[in-house]
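Undergrad: Just a sequence and a predicted model for now, questions to come.
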Amino acid sequence: MKTETEIPAVMDNFSNKNVLDQLPCMVMAVDLDFNILSLNAVGCRWLGEDFENIEGKKCYDLVRSPHCNTNNCRVKQAMENGRVYVWRNEITAAGKTFPVEYTAAPLKDKEGNIIGGVEYVIDISDRVKIEAEVRAHSRTIMELSTPVIKLWDGIVILPLVGVIDTMRAQQIIENLLSSIVENEAAVAILDVTGVPMIDTSVAQHILKTVSAGKMLGAEVIITGFSPNVAQTIVTLGVDMSGIITTGSLRDGVSKAFAIVGKKMV
């Protein structure tokens, strides 16, 4: 355990600049005219300059972003409003552009007067890359969970399995409409046998899908309604009139063939 005399001796080795220089992000302070007052080691490395060549220069001349030198500049807003702002953006420094997350805060003197602004900037390139990969994987999973199959010339089928939420419902509509156009389909079968629950929200999504399909000239047949689901829809008061429905996929396929002038044998 350190004694009282040893603790100040240890702290003497750590000036404010020493601490800031060890942070893995850029920390920059500017005055009210956006002249650079302080910049830590990471910031100097991003700019490819020593601090002696940076001090006193305008921050927006060295670090550029779409908001720099505009009314949307977060440091400008922090100095004017005395508030802290957290934002995502892209910056360009030393010819390199990369995504960042930064915090802008007012810089105050001992009396609490705002004398400038401080920016705490983190390079989030790796995070953005991971997020993009996650979104791509999510889209792939979504597409695999809503496959549209060409059953016959002029007939496509979309078997639904699992819970349908708003995001997936939008994917269902997009996939079905794209398939109708690509295959010049006259009939689209929407099979809900694998959907565990049909509530008002799901029913409305299904109705939107049917309406969107009809707008492209395709008749949409809904198959797979169980007695319990049918009773639930009636109880909810969802208007399914004008929509072709069948209890089984087989019956739905038979109706689809009849619409295109074919007969199942």
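TA: Done, it's in. Keep in mind that what you see is a predicted model, and the values were worked out from it rather than measured.

Undergrad: Check which residues of stretch 235-249 are buried.
TA: The neighbour-count criterion (16 or more other CB atoms under 10 Å) identifies 238, 240, 243-246, 249 as the buried residues of stretch 235-249. C-beta coordinates here come from the backbone N, C-alpha and C atoms, glycine included.

Undergrad: and if you look at stretch 202-221?
TA: Buried residues in stretch 202-221 (16+ other CB under 10 Å): 202-203, 205-207, 209-210, 212-213, 218-221.

Undergrad: Let me have those residues in a markdown table, adding secondary structure as columns.
TA: Formatted as a markdown table, these follow (DSSP: H, G, I helix; E, B strand; the rest coil):
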| residue | secondary structure |
| --- | --- |
| V202 | helix |
| A203 | helix |
| H205 | helix |
| I206 | helix |
| L207 | helix |
| T209 | helix |
| V210 | helix |
| A212 | helix |
| G213 | helix |
| A218 | coil |
| E219 | strand |
| V220 | strand |
| I221 | strand |
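
Undergrad: Closest to I180 out of these?
TA: If you rank the buried residues of stretch 202-221 by distance to I180 using CB to CB, A218 comes first, at 4.8 Å.

Undergrad: just checking, that closest one touches A186?
TA: Yes. Assessed by CB atoms under 8 Å, A218 is found in contact with A186 at 6.0 Å.

Undergrad: Could you pull out the strands in the stretch 101-250 of the chain for me?
TA: Using DSSP state E, counting those that start in this stretch, the strands of the stretch 101-250 of the chain run over 114-123, 149-152, 155-161, 187-194, 219-223, 244-246.

Undergrad: ok so, going back, now the buried residues of stretch 235-249 in TSV, with pLDDT and distance to R168?
TA: Putting those into TSV (pLDDT from 0 to 100; distance: CB to CB, whole Å) gives the following:
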residue	pLDDT	distance to R168
V238	78	19
M240	78	21
I243	85	20
I244	89	23
T245	88	21
T246	88	23
L249	89	20
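
Undergrad: Could you pull up phi and psi at the residue lying closest to V187 once chain neighbours are set aside?
TA: Among residues not flanking V187 along the chain, A256 sits closest, at 4.3 Å (CB to CB, 6 or more residues apart in numbering). Backbone torsions of A256, given as degrees, to the nearest 10, read phi -60, psi -40.

Undergrad: quick one: A256 and A29, what's the gap?
TA: Using CB to CB, to the nearest Å, one obtains 69 Å as the distance from A256 to A29.

Undergrad: Just want to know which of the two has more residues nearby.
TA: Using other CB atoms under 10 Å, the more surrounded residue of A256 and A29 is A256, with 27 against 20.

Undergrad: Pretty sure the more buried one sits against V156.
TA: No. With contacts counted by CB under 8 Å, A256 stays clear of V156, the gap being 9.3 Å.

Undergrad: what's the overlap in contacts for those two?
TA: By CB atoms under 8 Å, 6 or more residues apart in numbering, A256 and V156 have these common neighbours: 187, 189.

Undergrad: Next up, the contacts around the residue nearest the centre of the chain.
TA: Central residue of the chain (CA atoms, centre = their mean): R135, 7.6 Å from the mean position. Going by CB under 8 Å, 6+ apart, R135 touches no other residue.

Undergrad: ditto for M26
TA: 39-40, 42-43, 46, 119-122.

Undergrad: Can you list the low-confidence ranges for this structure?
TA: Filtered on pLDDT under 70, the chain yields the residue ranges 1-15, 137-146, 264-265.

Undergrad: rerun at 50
TA: 1-7, 9-11 (pLDDT under 50).
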